[in-house]
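[1] Predicted model and sequence follow; I will ask about them next.
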Amino acid sequence: MAVKVRILADSGYKFDRRIVRSMVERVLSDNGVKEPAEVVVSVVGEKKMKRLHGRYMQTKGTTDVLSFPLDFDKLYPDGVVRLGDIVVCYPVAARQAQISKWSVNEEITFLVEHGCRHLLGIHHS
């Protein structure tokens, strides 16, 4: 399976992109995605996350992660399944990491895993 993980980050947010890519690949593989697939991961600040949270979730304030799934069953002409976007708020992740006694990389990876599961239609129980 070929997985393309596009990672976009506001300047100044340092994290290990290799770990993020690896997590997305593992979650897709573990959940039976066999076609070539694409996921976009954006790491943003609180202002941007607050805007997205308000606009798409009709909720005030910021959050740690949002997922924007595309049509999982749609195969594009180039043969790639575009699963959607995951947006992580770096400052919130950094605060949560400190509380959890995790590294920022571990927290971001945890949030990306959570977001990736949402793209696949796996939701909270």
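    Sure, I can see it.
[2] For the most centrally placed residue in the chain, grab phi and psi.
    The centre of the chain sits closest to Ile86, judged by C-alpha atoms, centre = their mean, with a distance of 3.0 Å. Dihedral pair for Ile86: phi -120, psi 130, per degrees, to the nearest 10.
[3] what residues are up against it?
    Ile86 sits next to 39-42, 65-68, 111-112, 115-116, 118-119 when contact means C-beta atoms under 8 Å, 6 or more residues apart in numbering. In this view, the C-beta of every residue, glycine as well, is placed from N, C-alpha and C.
[4] give me the element the nearest residue to it once chain neighbours are set aside is part of.
    The shortest distance from Ile86 to any non-neighbouring residue, by C-beta to C-beta, 6 or more residues apart in numbering, is to Gly115 (3.5 Å). Using DSSP states H and E, Gly115 falls within helix 104-119.
[5] Can you spell out which helices and strands pack onto that helix?
    helix 17-30, strand 37-44, strand 65-69, strand 81-89, helix 90-100 (3 or more C-beta pairs under 8 Å, 6 or more residues apart in numbering; DSSP states H and E).
[6] Now distance to Asp10 and mean pLDDT too, for those, in TSV please.
    Shown next, in TSV, are the helices and strands packed on helix 104-119 (distance: least, C-beta to C-beta, whole Å; pLDDT from 0 to 100):
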stretch	distance to Asp10	mean pLDDT
helix 17-30	14	95
strand 37-44	6	96
strand 65-69	15	96
strand 81-89	10	95
helix 90-100	7	97
